[in-house]
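Enquirer: one predicted model, sequence on top.
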Amino acid sequence: MSILGRLFGKKNDTNKPIQERNMFNLEMNDIVTFDLEDYKVVGKISYDDHGFKWHAYQLEGTHKTIWLSVEMDDELNLGMYEKIKLPLQDPIPKQLEYDGTTYYLDESGTARVIGVGRSQNLSGMTCHYFDYYDDDEEKFLSIEKWGNEIEVSTGYEIEEFELKIIASK
């Protein structure tokens, strides 16, 4: 190493360039701004139901944690979800009431999952899912069965322009 290199500490240029983020390649610690609040990506669950794939990103804000659902069907479908308490047990019904709204079962199935970040302990597990919509298809309920545990979230559709992504690295 030259004298100037020793004096000024030659830097190794091993950093990869920042990859432009989109809804399918968010990484841990990226920042997602939604509804004037910043959220940090702290977990990701990738679902695979016989080749049909979608993702859910766990976003941690100052006051709450939300989930961003990302799915490419014929077009990009985005949803924002929050966990709720709704006591359920098997069998999961085809119609549910929550907060004055009736929801109807739209689809259900079983998916293998891969988890990253806070969700890494879910990798290799199987999730039974149930998706519900209200009469106007504006409000959603999502039910996931993880073994004996049942998780319920309520959500709604959002548009991509409502989100701003800041890559962490």
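Expert: Arrived safely, thanks for sending.
Enquirer: now the strands for this protein?
Expert: For the chain, the strands defined by DSSP state E cover 31-34, 37-49, 52-60, 65-72, 76-84, 95-98, 101-117, 126-133, 139-146, 149-158, 163-166.
Enquirer: nearest to residue 19, of these?
Expert: strand 163-166 (11.3 Å; CB to CB). For the C-beta atoms, the positions are set from N, CA and C on the backbone; glycine is no exception.
Enquirer: which other helices and strands contact that closest one?
Expert: Under the contact criterion of 3 or more CB pairs under 8 Å, 6 or more residues apart in numbering; DSSP states H and E, strand 163-166 touches strand 31-34.
Enquirer: ok, back up a step: closest to residue 23 out of the strands of the chain?
Expert: The nearest among the strands of the chain, by CB to CB, is strand 65-72 at 4.5 Å.
Enquirer: what average pLDDT does the closest one get?
Expert: The average pLDDT within strand 65-72 is 97.
Enquirer: what helices or strands is that strand leaning on?
Expert: Using 3+ CB pairs under 8 Å, 6+ apart as the contact test, the elements touching strand 65-72 are strand 31-34, strand 52-60, strand 76-84, strand 149-158.
Enquirer: returning to what we had before: redo the strands of the chain as a markdown table? Include distance to residue 23 and mean neighbour count.
Expert: Shown next, in a markdown table, are the strands of the chain (distance: least, CB to CB, whole Å; neighbours: other CB atoms under 10 Å):
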| stretch | distance to residue 23 | mean neighbour count |
| --- | --- | --- |
| strand 31-34 | 10 | 17 |
| strand 37-49 | 12 | 19 |
| strand 52-60 | 8 | 19 |
| strand 65-72 | 4 | 19 |
| strand 76-84 | 7 | 16 |
| strand 95-98 | 27 | 13 |
| strand 101-117 | 15 | 16 |
| strand 126-133 | 18 | 18 |
| strand 139-146 | 17 | 19 |
| strand 149-158 | 11 | 16 |
| strand 163-166 | 8 | 14 |
